[in-house]
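fold the following for me, if possible:
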Amino acid sequence: MRASATWAGLALLGMALVWGVLGLLIGSSGWQWPMPASGSASGLDPVWWSVVWDIRAPRTVGAFLVGCLLGLAGAVAQGLFRNPLAEPYLLGSSAGAALLMALALTVGSGWVVAATWWSQVGLTGVAFVGAVAGVWLTLVLARGAVHTMRLLLCGVVVGVVLGALTQLLMVWSAETWRTMQAFMLGNTALLGWSSCAAMAVVLALSLPVALMLSRVLDALALGEDTARTLGVPLGLARGALVAVLALSCAGAVAQAGLVAFVGLVAPHLVRPWCGARHRTLLWHASLMGGVLLLAADVLSRWLLAPQELPVGVLTAVMGGVYLLALIQRRGA
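Numbers count the residues shown, from 1 in each chain. Prediction:
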């Protein structure tokens, strides 16, 4: 199992490299090969290089980091709730981010929508705070993270209620509707180097903590009673896992919006090679999430070029097809 996990990790890194190169070569008009500078036999066209460095490269790296965060969050959520259908947004992070962003657009649209550097920071910050606030509200209603079922049910309630309030604000304001549409469908087109730096920091904070708690997830997989007899402080451990889940989701949602199915599907894809040990599963699920979203980002630019598909639509289609195939195979 360890050898297969190693080979799977190397294969994922290789796929990430291949899709990353494709992300640098595919633009809004399809394939664009490196062009030499006019009048020179060597060197690259500075315009082409500027497009690659300023637009395609940060978008490609950013899509990979968003997928890594969602893959990690999905593996943590499925281990925490002991449910293979658990996904990163269960605790209200996506609903909180959407509501606070819709509120900011409705109340202060003149400041937020303006095309300035500060407005982009403002939208990202609002979405991040909203995602964390949604998880915090779930914890308050569930009276902490001691009872898994209560936490899960409160997360569902928070998601439904905050989602309804978001829809109300979107109906109220047409400008909010147009801006929120890209956020709700998932969007990687606006990712820049500052976004990549922010997500890299979030991943550097959340992944080591998740790995340190991997033994807790292994114990929870055996049941709460068994984990308690093994000396696991369930309340504290669940609180730390929820914090990792909230931080990962907030970092991804704030930068790319609501990208569907990546966090749900990524752990399932790597589990046959990684087994049940979460220390290996967390690494590979994070890498698989990055590869999935990177592939979806490249395909969203290429399939209907020069038009661009929302990346969340592609991830939903790919994830839905995979889950249907999995159901059919398990049924057979």
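
contact partners of the helix or strand hosting residue 127?
If you go by DSSP states H and E, residue 127 is part of helix 117-141. Applying C-beta atoms under 8 Å, 6 or more residues apart in numbering, the contact partners of helix 117-141 are 91-101, 104, 111-113, 145, 151, 154-155, 157-159, 162, 183, 190, 195, 198, 239, 242, 245-247, 249-251, 253-255, 257. Every residue, glycine included, has its C-beta placed from N, CA and C.

quick one, which of those are buried?
For the contacts of helix 117-141, a burial check counting by 16 or more other C-beta atoms under 10 Å picks out 91-101, 104, 112-113, 145, 151, 154-155, 158-159, 162, 183, 190, 195, 198, 242, 245-247, 249-251, 253-255, 257.

by mean pLDDT, point me to the weakest helix or strand of the chain.
Scoring the helices and strands of the chain by mean pLDDT, DSSP states H and E places helix 109-112 at the bottom, with a mean of 49.

could I have the CA atoms of the helix or strand encompassing residue 105 written out in PDB?
In this structure, residue 105 sits in helix 93-107 according to DSSP H and E. Provided in PDB are the C-alpha atoms of helix 93-107 (Å, rounded to 0.1, in the frame of the first residue of the first chain):
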ATOM      1  CA  SER A  93     -18.800  28.300   5.000                       C
ATOM      2  CA  SER A  94     -20.100  28.700   1.400                       C
ATOM      3  CA  ALA A  95     -23.500  30.100   2.600                       C
ATOM      4  CA  GLY A  96     -21.800  32.600   5.000                       C
ATOM      5  CA  ALA A  97     -19.400  33.800   2.300                       C
ATOM      6  CA  ALA A  98     -22.200  34.200  -0.200                       C
ATOM      7  CA  LEU A  99     -24.500  36.100   2.200                       C
ATOM      8  CA  LEU A 100     -21.900  38.500   3.400                       C
ATOM      9  CA  MET A 101     -20.700  39.200  -0.100                       C
ATOM     10  CA  ALA A 102     -24.200  39.800  -1.400                       C
ATOM     11  CA  LEU A 103     -24.800  42.100   1.600                       C
ATOM     12  CA  ALA A 104     -21.700  44.100   0.800                       C
ATOM     13  CA  LEU A 105     -22.700  44.400  -2.900                       C
ATOM     14  CA  THR A 106     -26.200  45.500  -2.000                       C
ATOM     15  CA  VAL A 107     -25.300  48.000   0.700                       C
END
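
could you check the angle helix 117-141 makes with that helix?
130 degrees (axes from the mean of the first three to the mean of the last three C-alpha atoms, to 10 degrees).
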